[in-house]
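Trainee: For reference, the sequence and a predicted model appear below.
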Amino acid sequence: MAQDSAPYRVPFAAWDRAPWNRWSFLNVRELLPTAEVWRGSGAASPLPRAERDLDGVRFLDHHNRNVNLAEFLAASFTDGFIVLQGGKIVTERYFNQMGQRMLHLSQSVAKSVTGAVAGVLVGAGVLDPNAPVIDYVPELAATAYRDARIRHVLDMTSGVRFDETYEDPYSDMGRVDVASGWKPPPGPGVWHDNVFDVVMTLTVKEREHGERFEYRSIETDVLAFCMERASGRRLSDLVSELVWQPMGAEESACFTVDRAGYALADGGFNATLRDYARFGSIYLDDGFYNGRQIVPAAWVQETRRGDPSLFGEPYSLVTPGGAYRNQFWIEQAGKPALICRGVFGQYIYASPEAGMVAVKLSSCPDFVTLGLTPAVLRAMRAISAVLASGTA
């Protein structure tokens, strides 16, 4: 009798949940339609090796235990981990059958990739951060975005009501999951097959635009629609031409796409561990990387200048004194370290002070693991201190 294949099938309604996400985050192209982000035909930017043993670096983990790096990586569902210092690979580790050429879903790290492209378009005069969003997408006049500006969606400070509850399939975020093609409809109701149509249903304004930061994934999608209209180019092509090719990516990346062909800017980006590290490296030296100015220096400098007065709880509990600007998290206002974060444990940490970029890719069982982000930041600071002292 043939072996029952049911235990080996990834259920579409739960492909991004445990235990399936340990496989699916590394194999998204086998589950969902995607658009290529071409790496181009040029040579990959060099990543020479200067390896050091960091396994013994100690810090407090998300259970408030004093652990070393090797223990933390094993206990936090890590798939890939890399540290660059001075543009050289200090450590590069793969777990869970991930390999050097495998693409990994980044979740909301995609927002920072989108924000970087926005910066290039602003620098080229194609996109005006102070312009109303309806200047680029007139249809949004029928929504609560009618009087919002590009700046508001860049910094997630619009007053538009959007329910980000991940666990509720009937929340606004649940509706995006269905519209983006990530999930089947959970039950009866009106369900859209593209993200733009979900945006058009957001007609309630809760507060004045610019009043405070509130994390809402749909803001990145609104930004991306404006970018596409302003440039006349699809998001996947913009990322390829303006970031991925200039930085010398090693592999082509991809976005998941909805039925209208829209690349999911808020969380559908997939790339290799090394290329995420290259992307983070762009933000070390004011946008200069691989021998060229990829993102305008003024944009990178502005990204580091978030306003902590807009950044209340619960966000300030994770990064006290932090902020959010241009689709990046700021570890602490007044300091240059920037963070890209995605649910289920995706991180890029770029610290110009330490000359260090670190990437942690994971497939955690929960959207948000309590205390994980502060633990990752403690790990980053401990690693940078060890590298600076030369004691590793």
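Mentor: Nice, thanks for sending it over. Residues are numbered from 1 along each chain as shown.

Trainee: Which parts of the stretch 51-200 of the chain are helices?
Mentor: Residue ranges of the helices in the stretch 51-200 of the chain, as given by DSSP state H, counting those that start in this stretch, are 69-75, 109-123, 150-154, 172-179, 195-199.

Trainee: now for those, which one comes closest to residue 330?
Mentor: The minimum distance between residue 330 and the helices of the stretch 51-200 of the chain falls on helix 109-123, with 11.6 Å, by Cβ to Cβ. For every residue, glycine as well, the C-beta is placed using N, CA and C.

Trainee: any idea how far residue 87 is from residue 221?
Mentor: According to Cβ to Cβ, to the nearest Å, residue 87 and residue 221 sit 33 Å apart.

Trainee: Please say which of the two ends up with more neighbours.
Mentor: Neighbour tally, residue 87 and residue 221, criterion other Cβ atoms under 10 Å: the higher count belongs to residue 221, 27 against 19.

Trainee: Can you classify that one by secondary structure?
Mentor: helix (DSSP: H, G, I helix; E, B strand; the rest coil).

Trainee: thinking again about what came up before, burial-wise, tell me which of the helices of the stretch 51-200 of the chain comes out on top.
Mentor: Mean neighbours per residue, mean count of other Cβ atoms under 10 Å, is largest over the helices of the stretch 51-200 of the chain for helix 109-123, with a mean of 26.

Trainee: what's that helix packed up against?
Mentor: Secondary-structure packing of helix 109-123 (3 or more Cβ pairs under 8 Å, 6 or more residues apart in numbering; DSSP states H and E): helix 218-231, helix 235-239, strand 269-271, helix 273-282, helix 297-303, strand 338-342, strand 346-351.

Trainee: now the helix or strand following the last one and helix 273-282, what's the angle there?
Mentor: The reference is to strand 346-351. Going down the chain from strand 346-351, the next helix or strand is strand 356-362, by DSSP states H and E. Our comparison of strand 356-362 with helix 273-282, counting by axes from the mean of the first three to the mean of the last three Cα atoms, to 10 degrees, yields an angle of 140 degrees.

Trainee: angle of strand 356-362 against strand 338-342?
Mentor: Interaxial angle, strand 356-362 versus strand 338-342 (the same axes, to 10 degrees): 10 degrees.

Trainee: partners of strand 356-362 in the sheet?
Mentor: strand 78-85 (antiparallel), strand 346-351 (antiparallel) (DSSP bridges).

Trainee: Provide the contact partners of the least confident helix or strand in the chain by mean pLDDT at residue level.
Mentor: In the chain, the helix or strand scored least confidently by mean pLDDT, DSSP states H and E is helix 315-318, which has a mean of 91. With contact meaning Cβ atoms under 8 Å, 6 or more residues apart in numbering, helix 315-318 is reached by 213, 215, 308, 322, 324, 373-374.

Trainee: May I have that helix exported as CSV, CA atoms only?
Mentor: In CSV, the C-alpha atoms belonging to helix 315-318 read as follows (Å, rounded to 0.1, in the frame of the first residue of the first chain):
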residue,chain,number,x,y,z
TYR,A,315,6.2,50.1,20.3
SER,A,316,8.2,52.1,22.8
LEU,A,317,8.2,49.0,25.1
VAL,A,318,10.2,47.1,22.5
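
Trainee: The next helix or strand after that helix pairs with which strands, parallel or anti?
Mentor: Under the assignment DSSP H and E, the closest C-terminal helix or strand after helix 315-318 is strand 323-325. Strand 323-325 has the following sheet partners, assigned by DSSP bridges: strand 328-330 (antiparallel).

Trainee: I'd like to know how far the spatially most central residue of the chain sits from residue 251.
Mentor: Geometric centre of the chain, nearest residue: residue 109, 0.7 Å, by Cα atoms, centre = their mean. With distances taken as Cβ to Cβ, residue 109 is found 16 Å from residue 251.

Trainee: rewinding a little: residue 351 is nearest to which of the helices of the stretch 51-200 of the chain?
Mentor: Nearest to residue 351 among those is helix 109-123 (15.0 Å), distances taken as Cβ to Cβ.

Trainee: Which helix runs longest in the chain?
Mentor: Longest helix in the chain, counting residues (DSSP state H): helix 372-389.

Trainee: So what touches that one?
Mentor: Here helix 372-389 makes contact (Cβ under 8 Å, 6+ apart) with 52, 54, 57-62, 69, 72, 76, 83, 85, 90, 318-319, 331, 339, 341, 345, 347, 349, 351, 353-354, 356, 358, 360, 364, 392.

Trainee: Only whichever of those are buried, select them in ChimeraX.
Mentor: The following ChimeraX line selects those of the contacts of helix 372-389 that are buried, judged by 16 or more other Cβ atoms under 10 Å:
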select :52,54,57,59,60,61,62,69,72,76,83,85,90,318,319,331,339,341,345,347,349,351,354,356,358,360,364,392
